[in-house]
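Undergrad: need a 3D model of the sequence below.
(one chain, ligands or ions: 2)
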Amino acid sequence: MTASIAVILPAAGRSTRFSGREKKPFVSLDGRPVWLRAAELFWSRDDVTKLYLVVAPEDREMFRTRFAHLIAFANAEVVDGGTERCDSVANALARIPEDVPFVAVHDAVRPLTPHILIDTVFAAAQRHGAAIPALAVTDTLKQVEHQRITSTVSRQGLFQAQTPQVFRRDWLVQAYAQRSQLSEPITDDAQLVEAAGHPVMIVPGSPLNFKITTPEDLELAEAVIKLRATKKSASRLGFHDEAQW
Ligand SMILES: Nc1ccn([C@@H]2O[C@H](COP(=O)(O)OP(=O)(O)OP(=O)(O)O)[C@@H](O)[C@H]2O)c(=O)n1
Ligand SMILES: C[C@](O)(CO)[C@H](O)COP(=O)(O)O
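TA: Ligands and ions are numbered 1, 2, ... in the order given. Down below sits the predicted model:
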C-alpha cells in the first residue's frame, strides 16, 4: 500500500472546559498522554505519510522537552497552533507537501477511536473525496433561553460530527483559502469543505470515539481502557464479543 494520507492532530486548544492542572492533550490517560494515544492510532499505518502535531506556541518547549523521543519515533512534525482550531489546522495544512493526495484531521483529544472506524472513513474519503464519521442524534433536542425551553427541535436527519475527518488535500486547501467568506463560527473542517461546494459523505461514528472535553470524559476514557483490557483477557481465554471496543 502506498502512503497517501497526512494526519493533522490539533492539540493547541486552551482546555478551558477541562479546567485541569494540565491541558487535556498532555494529561495521563491510564499511564500515557492523551495526545500520544491519539497519535498511536495512525503512526504505524501503511497509508499514513506523516503526523503533524499542532501545539500552542507557549507549550512548544515543554512539549519538545517532555516528548522528544516520541516525536522522533512517530516521525511527527510539531507545528505552532493558532487562536482558533481552524487556525491551528491551517498552520499544519500549509506544511503538507503538494504531492500528498489526502489529509485527515483528528482531534488529539479523541484517543479511543476504533481502528475499524479509521479504516472505514479513510476508504470512504478515497472513494468520494471527503468523508467524516458521524453519529445520529438519539436524544430529544430542546431550544433553551435563560434555562427555559422555548421549543423542541426535530432530530430528524441530525448527526453529531466526529473525527478523523478526511479530505482530498486540494479540496481542503481550497476550502481553507475561502474561509474568511464564512460569517458563522467554524467548528469543524467539513464545514469549510461543505461551504466550498464539495460533497462530504458520512460513515458510522462510534460512541467510543468521544472527545475529551471535561474531567468526567477523562474518567470515562479510563474506564473504557480498563474494559478493553478485560475483554482482551477474556478473548485470550476463548470468550468472544462481537462489539468493536
Ligand atoms: N486554537 C485551537 C483550539 C483547539 N485546538 C484543538 O482542537 C481539538 C478540539 O478542540 P476542543 O476540544 O474544543 O479543545 P479546547 O479548545 O482546548 O477546549 P475548550 O473549548 O474547553 O478550551 C483539541 O485537541 C484542541 O487542542 C487547537 O489545536 N487549536
Ligand atoms: C471537530 C469537532 O471535534 C467535531 O465534532 C468539534 O467540532 C470540535 O469542537 P470544539 O468546539 O473545538 O470542541
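Undergrad: strands of the chain, residue ranges please.
TA: Assigned by DSSP state E, the strands in the chain fall at 5-10, 28-29, 32-33, 48-55, 76-80, 102-105, 130-136, 141-145, 148-153, 159-161, 165-168, 201-204.
Undergrad: who in this structure is up against ligand 2?
TA: 85, 107, 161-163, 187-188, 211 (CB under 6 Å from any ligand atom). Every C-beta, even on glycine, is put in place using the N, C-alpha and C of the backbone.
Undergrad: could the residues you listed be laid out in a markdown table, adding neighbour count and pLDDT?
TA: Shown next, in a markdown table, are the residues of the chain next to ligand 2 (neighbours: other CB atoms under 10 Å; pLDDT from 0 to 100):
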| residue | neighbour count | pLDDT |
| --- | --- | --- |
| 85 | 19 | 98 |
| 107 | 26 | 98 |
| 161 | 17 | 98 |
| 162 | 26 | 98 |
| 163 | 26 | 98 |
| 187 | 11 | 97 |
| 188 | 19 | 98 |
| 211 | 14 | 98 |
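Undergrad: farthest pair in the residues you listed?
TA: 85 and 162 (14.3 Å; CB to CB).
Undergrad: spatially nearest residue to residue 135 (excluding sequence neighbours)?
TA: residue 205 (4.0 Å; CB to CB, 6 or more residues apart in numbering).
Undergrad: thought residue 118 was touching that neighbour, still the case?
TA: No: Residue 205 is beyond contact range of residue 118, at 11.6 Å (criterion: CB atoms under 8 Å).
Undergrad: can you tell me how far residue 4 is from ligand 2?
TA: With distances taken as CB to the nearest ligand atom, to the nearest Å, residue 4 is found 22 Å from ligand 2.
Undergrad: and for residue 150?
TA: The gap separating residue 150 from ligand 2 is 23 Å, by CB to the nearest ligand atom.
Undergrad: repeat that for residue 224.
TA: For residue 224, the distance to ligand 2 - CB to the nearest ligand atom - is 18 Å.
Undergrad: tally of neighbours for that residue?
TA: When neighbours are defined as other CB atoms under 10 Å, residue 224 has 18 of them.
Undergrad: same deal with residue 49?
TA: 20.
Undergrad: with adjacent residues omitted, what lies nearest to it?
TA: residue 3 (4.4 Å).
Undergrad: just the pLDDT for the one you found.
TA: Residue 3 carries a pLDDT value of 90.
Undergrad: with residue 235 instead?
TA: 73.
Undergrad: OK, contacts around the closest residue to residue 13 other than its chain neighbours?
TA: Distance criterion CB to CB, 6+ apart; nearest residue to residue 13, sequence neighbours excluded, is residue 85 at 6.7 Å. Neighbour list for residue 85: 10, 13, 186-187 [criterion: CB atoms under 8 Å, 6 or more residues apart in numbering].
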